[in-house]
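Novice: Generate coordinates for the sequence data below:
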Amino acid sequence: MSSSAPPPLRVAITVDMEPDCPPFLWTWRGVTEGAPRLLDLFERQAIPVTWFTTGDTARLHPGSVEALVAAGHELGCHGISHQRFDWMSRESAAHEIGESTRRLREFAPVTSFRAPYLRFPGHYLDLLEAEGFLLDSSQAKYKRDVPGQENAKNLVRLPASITSSALRIPKVIREFFLGRLADPVVLFVHPWEFVDFTQTDLRYDCRFRTGQPALDALESVIGFFKARGAEFTTMRDLGAASALATPAKPVMAGAAQ
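Specialist: The predicted structure follows:
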């Protein structure tokens, strides 16, 4: 009796390209200093990555967006100004999505979306679908979802698996949690985590083991999954595979709010 080997674990590393630790700081050292370090790491490790990028990042630092696209990574959308969508009216949310999408698509095709703070009402999903998005990653397995009936029929939703600061905790504890994550594994980091903010008075999780220790930890995380035969992929490719495997969801009448 023969048995086939299980498929490899799929891992998507994602980067939220935004100001430095909003809403506590609105500088751009992560984009100018941290993002190049990440690009170097991903090139050394030869892995594709999805960069969820704000419209303001593209406006103020277009060279940084051009660099990640030139490196072959996926460009995703993270809204314009890193404001919470669950605090917006439907009209404001539509503007944020439409304006950021137009700006980012000047650099590359954009079909994956993540809301700031992983907060996005289900009844705004149709706004993403109307703009041609195929995937949303605005949920997290470790936090309660935003209320709102989902109203997009063909949009794939893939939540983040673990919070970004957990990737900076000591290795023994970190790998205990990483080893228990289910397929597909969706990880996220921010470029500002790879700038040394340890001597600032920012909130603890914004300065804990930032800079080189964070970069070393992320490289260790990549090595952890490579040693287990994981397949690194983009959110776009994960979404395409999920769409093929999952029937379209019915849309509830009167769901849009």
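
Novice: The helix or strand harbouring residue 12: what's the following helix or strand?
Specialist: Element membership for residue 12, per DSSP states H and E: strand 10-17. With elements assigned by DSSP H and E, the helix or strand that comes after strand 10-17 is helix 29.

Novice: In three-state terms, label the residue nearest to residue 193 when sequence neighbours are not counted for me.
Specialist: Excluding the flanking residues, the one nearest residue 193 by C-beta to C-beta, 6 or more residues apart in numbering is residue 214, at 4.7 Å. To be clear about C-beta, it is placed using only N, CA and C from the backbone, and glycine gets the same treatment. Here residue 214 is helix, with the state taken from DSSP: H, G, I helix; E, B strand; the rest coil.

Novice: from what I can see residue 214 touches residue 191, true?
Specialist: No - contact criterion C-beta atoms under 8 Å: residue 214 and residue 191 do not qualify, at 10.2 Å.

Novice: Common neighbours of those two, please.
Specialist: Common contact partners of residue 214 and residue 191 (C-beta atoms under 8 Å, 6 or more residues apart in numbering): none.

Novice: orientation of the one helix or strand residue 226 maps to relative to strand 10-17 in degrees?
Specialist: Assigned by DSSP H and E, residue 226 belongs to helix 212-227. On the basis of axes from the mean of the first three to the mean of the last three C-alpha atoms, to 10 degrees, helix 212-227 is oriented at 160 degrees to strand 10-17.

Novice: which parts of helix 212-227 are buried?
Specialist: Buried residues in helix 212-227, counted by 16 or more other C-beta atoms under 10 Å: 214-215, 217-218, 221-222, 224-225.

Novice: May I have the residues that are in contact with residue 47?
Specialist: Residue 47 is in contact with 13, 222, 232, counting by C-beta under 8 Å, 6+ apart.

Novice: try residue 221
Specialist: Residue 221 is in contact with 167, 174, 178, 187, counting by C-beta under 8 Å, 6+ apart.

Novice: what do you get if the cut-off is 10 Å, keeping everything else the same?
Specialist: Going by C-beta atoms under 10 Å, 6 or more residues apart in numbering, residue 221 touches 11, 13, 166-168, 171, 174-175, 178, 187, 189.

Novice: Confirm that residue 80 sits in a helix.
Specialist: No - assigned with three-state DSSP, residue 80 falls outside any helix and is coil.

Novice: How far away from the center of its chain is the strand holding residue 12?
Specialist: 5 Å (C-alpha atoms, centre = their mean, to the nearest Å).

Novice: Could the C-alpha coordinates of that strand be exported in PDB?
Specialist: Extracted in PDB, the C-alpha atoms of strand 10-17 (Å, rounded to 0.1, in the frame of the first residue of the first chain):
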ATOM      1  CA  ARG A  10       2.700  27.300   1.900                       C
ATOM      2  CA  VAL A  11       4.200  30.400   3.500                       C
ATOM      3  CA  ALA A  12       3.500  34.000   2.400                       C
ATOM      4  CA  ILE A  13       5.700  36.700   3.900                       C
ATOM      5  CA  THR A  14       4.100  40.100   3.600                       C
ATOM      6  CA  VAL A  15       5.300  43.600   4.300                       C
ATOM      7  CA  ASP A  16       3.000  46.500   5.200                       C
ATOM      8  CA  MET A  17       4.700  49.600   3.600                       C
END
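
Novice: That one pairs with which strands, parallel or anti?
Specialist: In the sheet, strand 10-17 lines up against strand 50-53 (parallel), strand 185-189 (parallel), strand 231-232 (parallel) (DSSP bridges).

Novice: Format these as TSV; extra columns: mean pLDDT, distance to residue 83 and mean neighbour count.
Specialist: Converted to TSV, the strands paired with strand 10-17 look like this (pLDDT from 0 to 100; distance: least, C-beta to C-beta, whole Å; neighbours: other C-beta atoms under 10 Å):
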stretch	mean pLDDT	distance to residue 83	mean neighbour count
strand 50-53	98	15	29
strand 185-189	98	18	22
strand 231-232	98	31	18
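
Novice: circling back to that earlier point, do you know the pLDDT at the residue nearest to residue 193?
Specialist: As predicted, residue 214 sits at a pLDDT of 98.
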